[in-house]
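# got a predicted structure plus its sequence, pasted below:
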Amino acid sequence: MGMERQLVERENVYHFKLDETNYRESQAVVTEEYQKALILEVLREGPQSVREIAGSSGLPVYTVSVLLSEIEKSGPGGIAGL
């Protein structure tokens, strides 16, 4: 995201300074949602093993495994708009 210093130490365009902890938590959520969407995009090509998904997405095997479990638990439509 690259705006951490500006948003945490100074302020955003609405003259609001963000709490560093909240900024880091939101950054982690955005990263996880991006990774889930990336996995789903890879799976549009068809069923694949965790290792194949990891290879296609560039994500570590462990990350793919954990996120696949979360995707499965959330069910259809469990990821924003996907």
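Received, thanks.
# quick check: mean pLDDT of the helix or strand hosting G55?
Assigned by DSSP states H and E, G55 belongs to helix 50-57. The predicted model assigns helix 50-57 a mean pLDDT of 97.
# and that helix, what other elements does it pack with?
Packing contacts for helix 50-57, counted by 3 or more Cβ pairs under 8 Å, 6 or more residues apart in numbering; DSSP states H and E, involve helix 20-43, helix 61-74. Placement of C-beta: from N, CA and C, glycine included.
# distance from the shortest one to the middle of the chain?
Looking back up the chat, that one is helix 61-74. Here the centre of helix 61-74 is set off from its chain's centre by 11 Å, with Cα atoms, centre = their mean, to the nearest Å.
# again, but for the first one
Computed by Cα atoms, centre = their mean, the separation of helix 20-43 from the middle of its chain amounts to 2 Å.
# helices and strands around it, which ones?
Checking 3+ Cβ pairs under 8 Å, 6+ apart, helix 20-43 ends up next to helix 4-9, helix 50-57, helix 61-74.
# phi and psi next, for G58.
Phi and psi for G58, reported as degrees, to the nearest 10, are phi 80, psi 10.
# that older thread, dump the helices and strands packed on helix 20-43 into a markdown table; add mean neighbour count as well.
Putting these into a markdown table (neighbours: other Cβ atoms under 10 Å) gives the following:
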| stretch | mean neighbour count |
| --- | --- |
| helix 4-9 | 13 |
| helix 50-57 | 17 |
| helix 61-74 | 14 |
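# pick out the residue closest to the middle of the chain.
The residue lying closest to the centre of the chain (Cα atoms, centre = their mean) is E32, at 2.2 Å.
# where does the residue sitting furthest away from the middle of the chain sit: helix, strand or coil?
Most distant residue from the mean C-alpha position of the chain: H15, 27.2 Å away (Cα atoms, centre = their mean). The three-state label given to H15 by DSSP: H, G, I helix; E, B strand; the rest coil is coil.
# returning to what we had before: format the helices and strands packed on helix 20-43 as CSV; extra columns: distance to A37.
Formatted as CSV, these follow (distance: least, Cβ to Cβ, whole Å):
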stretch, distance to A37
helix 4-9, 22
helix 50-57, 10
helix 61-74, 10
